[in-house]
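> below: sequence and its predicted model.
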Amino acid sequence: MNVPDEARLMLVESATRLFTDHVDQKMLDAAKHDGWSQKLWQVLEQAELPRVSIPEELGGAGGTLSDAAAVLRVAGRYCAPVPLAETGMLAGWMLACSGLAVPRGPLAVGPVHDETLTARKDGGRWIISGKLARVPWARMAGRLVLLARDGDRDLVASVDPAQCKITPGRNLDDEPRDEVVLEDVVLPDADAAPAGAGVTREMLCYRGALARSIAMAGALERALELSVAYAQQRVQFGRKIGQFQAIQQELARFAGEVAAAVAAALSTAGVLERHAVGKAGHEDVMLAVATAKIRVAQAAHEGALIAHQVHGAIGVTDEYALHHSTLRLWAWREEFGNEAKWAMALGRAIHARGAGELWATLTKN
Amino acid sequence: MFFENVDFSGLELPPAALRLREEVRAFLKAEVAAGTFIPHLGHTEFDADFTRRVAERGWIGMTWPRAYGGQERSYLERFVVTEEMLAAAAPCAAHWFGDRQTGPSLLRYGSEHLKNKYLPVIARGECYFALGMSEPNSGSDLASVRTRAERVPGGWRVTGQKVWTSWAHKAHAFFVLCRTVPDIGKRHDGLSQLIVELDAPGVTVRPIRFMNGHHHFNEVFLDNVFIPDDMVVGEAGQGWKQITSELAFERSGPERYMTTFALLVELTRRLGQAPDERAQEMVGRLTARLWTLRRMSLAIALTLEPASADGGAIDLATEAALVKDMGTFYEREITDAARLLTVVEPTPDATDSFERYLAETIVFAPISTIRGGTTQVLRTLIARRLLGSLK
């Protein structure tokens, strides 16, 4: 039997209850204006949800990456306007792996693009400089957890945002994507550490792509739920539109895309988990992450369009909930590499290994 | 909504399955090296000798009880054997239906007599089954079959016509879905499954050739064929329930997304180690889709595993329909990529595998979205699960 353990099911159930109780259309509309929902964040923090996968000795709940993925899927379903993935799966992971405490409060992470931050040692402190584009949630974060380059090694730095110049930016659904400039920011030695085992720019990108894939799978589930509910009640030509085979066929296609997105994203979380304990290789991780981002982005493309088509014109208005899901899908698919970028990387790797290795590559655990 | 209770993150093959994979690969490598079969795509060839060699390894009916010639191995191990056979485009037609359909149906519904009569010989690779479902006027609407069985002392007299019966000209027997009680409105009632031996008096098999001349389809005429009582599978009148209960396995297997896989391998070979970005991107996309489909298929096999004993604790029939729908479209994407990334005209008798595979997959492409439930029927089924019954 291949079913999630009891603890995971309970975690998903309590997360679902919490989001159901605290996320509604009014709140999402307000978050568009405020950039996030501080109230929701506080509730999540009380429930320890941002720290699900942080080890207990570092102040987390000691769960697995798949536990965090399960929560993130629910958060994506509810369009939760909070830095959940950034705090736990990304920044929290970087800190915990590098032996640094994971502070309470929302965390942001960088770089999420191709920029490089430089770090240099100056006596008992660090000096960090650089410019980062579109950092998610930077202006809400209690700390910015950054990967900086010190010669030939990486440094994990926990930076006070007040020391940076932050220029607000936003994505399609007004989630904060801010420019962050560090001009010789001075950091006490205690707030930085050499990047721990496995913490690299590449792995940050992998985990970021995974986090977005999981949240997108959740957002797709919501878009499908809304579309089904709409087809069940909207009447045209004297019949519920769900009774028309043309609509049924589209919804069925949509369901396939959603199922594939969920399968790709959650399977990938499992591969990363096995990688962390030496049961999956680096190339397995690359294959899985690339697959997740490619497949989920394809599903987002198809799914969002079907969702809007089923809804008709009401779906494109700001008073109807669908746009919170679809705008996020269209924004998130570009983050941490879009499907074209990942497909080229994956194709390149497949070809470099050679045709004779393709099947063996696909059937590794 | 779908895969509600399936743990994708824990999808990992146990060591026994991984060892088995190496055994199957070594076996197939040796077969290819010895030139015992020529791989064909789009359909699987009938090769009784190959089937007997597979049987010698214990890979037919491998999940069945030892008492009936099986090996009592897991569904996951069977999954591994199946996908390796597909990856190599091995000729599995002789044991395909017996292994996938006849065996599990007999184990679940068959009498002791039928189990003893057929399971060991199927597992030994000596008895081959076909499926008698469709009729000239019953394609997607299977419950409308008109082949009828009339009660006579000691058994039934069966009269009717079956079509699209793959390999009936080489099989020993086939499962026949027929009506044992006239249709009086409750159309799913009164259907039964019988086993008809293809050399029985009154059975006539005629070829229906595929558009490229290939012969695997047949029409089978049943003229007053006597079927003794002990050849009824399960309970007379319960045939519909019996065939629909096995759909999750039938529709979610690797054969729904891997029948053109060897073409993807040959395409990759032809493109070389450093193709242009367009080729890289397309191959990357195809790889991602395959990885995902395989995860879904694997999840179904793994989740259904223990349910086979208690009659299905988790219903994944809709998920299986999703896999088949997406898988069969995926197979065509490989064909299209192969066309578009190379300059080649599909040539059926080409000596180059890539060119021949391309020709085969193009010709057989239309059938994959028709057999085993058409795309449209599957999507109607999926929509019903989504929407419920709307009034």
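Now that the structure is in, tell me what you want to look at.

> okay, the residue of chain A positioned farthest from its centre: pLDDT?
If you look at how far each residue of chain A sits from its centre, by Cα atoms, centre = their mean, the farthest one is A:Gly238, at 42.4 Å. The model reports A:Gly238 with a pLDDT of 96.

> now swap in B:Thr244 and tell me
Taking B:Thr244 on its own, its pLDDT is 83.

> please tell me how far the nearest residue to it once chain neighbours are set aside sits from chain A.
Closest residue to B:Thr244 apart from its sequence neighbours, by Cβ to Cβ, 6 or more residues apart in numbering or on different chains: B:Ala317 at 7.9 Å. For the C-beta atoms, the positions are set from N, CA and C on the backbone; glycine is no exception. B:Ala317 sits 13 Å away from chain A, going by Cβ to the nearest Cβ, to the nearest Å.

> quick one: contacts for B:Ala317?
Neighbouring residues of B:Ala317 by Cβ atoms under 8 Å, 6 or more residues apart in numbering or on different chains: B:Thr244, B:Leu247, B:Ala248, B:Arg251, B:Leu381.

> pretty sure the second one contacts B:Ala320?
The reference is to B:Leu247. Yes: B:Leu247 lies in contact with B:Ala320 (Cβ atoms under 8 Å); the separation is 6.3 Å.

> look at those two and report which has more neighbours.
In terms of neighbours (other Cβ atoms under 10 Å in any protein chain shown), B:Ala320 is the more surrounded of B:Leu247 and B:Ala320; the figures are 25 against 18.

> elements contacting the helix or strand hosting B:Arg206?
In the assignment (DSSP states H and E), B:Arg206 maps to strand B:203-208. Contact here means 3 or more Cβ pairs under 8 Å, 6 or more residues apart in numbering or on different chains; DSSP states H and E; on that basis strand B:203-208 packs against strand B:217-228.

> run through the neighbouring helices and strands of the strand it packs on.
Where contact means 3+ Cβ pairs under 8 Å, 6+ apart, strand B:217-228 is packed against strand B:155-162, strand B:191-197, strand B:203-208.

> got any ranges where the stretch 251-391 of chain B has weak pLDDT?
Residues of the stretch 251-391 of chain B that meet the criterion pLDDT under 70 lie in B:305-314.

> do the same with chain A
In chain A (pLDDT under 70), the answer is A:1-2.

> again, 90 this time
Across chain A, residues meeting the criterion (pLDDT under 90) sit at A:1-7, A:55-61, A:364-365.

> how far off centre is the strand holding B:Arg206?
With Cα atoms, centre = their mean, to the nearest Å as the basis, strand B:203-208 stands 21 Å off its chain's centre.

> show me what counts as buried in it.
B:Val203, B:Val205 (16 or more other Cβ atoms under 10 Å in any protein chain shown).

> what angle separates that strand from strand B:217-228?
With axes from the mean of the first three to the mean of the last three Cα atoms, to 10 degrees defining the directions, strand B:203-208 sits at 170 degrees from strand B:217-228.

> could you list the domains of chain B?
B:8-126, B:132-238, B:246-387 (automatic domain parsing).

> buried deepest among the helices and strands packed on strand B:217-228, which one?
Most buried of the helices and strands packed on strand B:217-228 by mean neighbour count (mean count of other Cβ atoms under 10 Å in any protein chain shown) is strand B:191-197; its value is a mean of 23.

> was I right about B:Glu56 contacting B:Gly125?
Yes: with contact defined as Cβ under 8 Å, B:Glu56 counts as touching B:Gly125 (7.5 Å).

> and those two? Which one has more around it.
A count of neighbours by other Cβ under 10 Å puts B:Gly125 above the other of B:Glu56 and B:Gly125, at 24 against 12.

> ok, how many other residues are close to the residue nearest to the more buried one when sequence neighbours are not counted?
Nearest non-adjacent residue to B:Gly125, counting by Cβ to Cβ, 6+ apart: B:Ala55, 3.0 Å away. Neighbour count for B:Ala55, taken as other Cβ under 10 Å: 22.

> summarise which helices and strands whatever helix or strand B:Ala55 lives in is packed against.
Using DSSP H and E, B:Ala55 sits within helix B:48-56. Counting contacts by 3+ Cβ pairs under 8 Å, 6+ apart, helix B:48-56 is packed against helix B:15-34, helix B:93-97.
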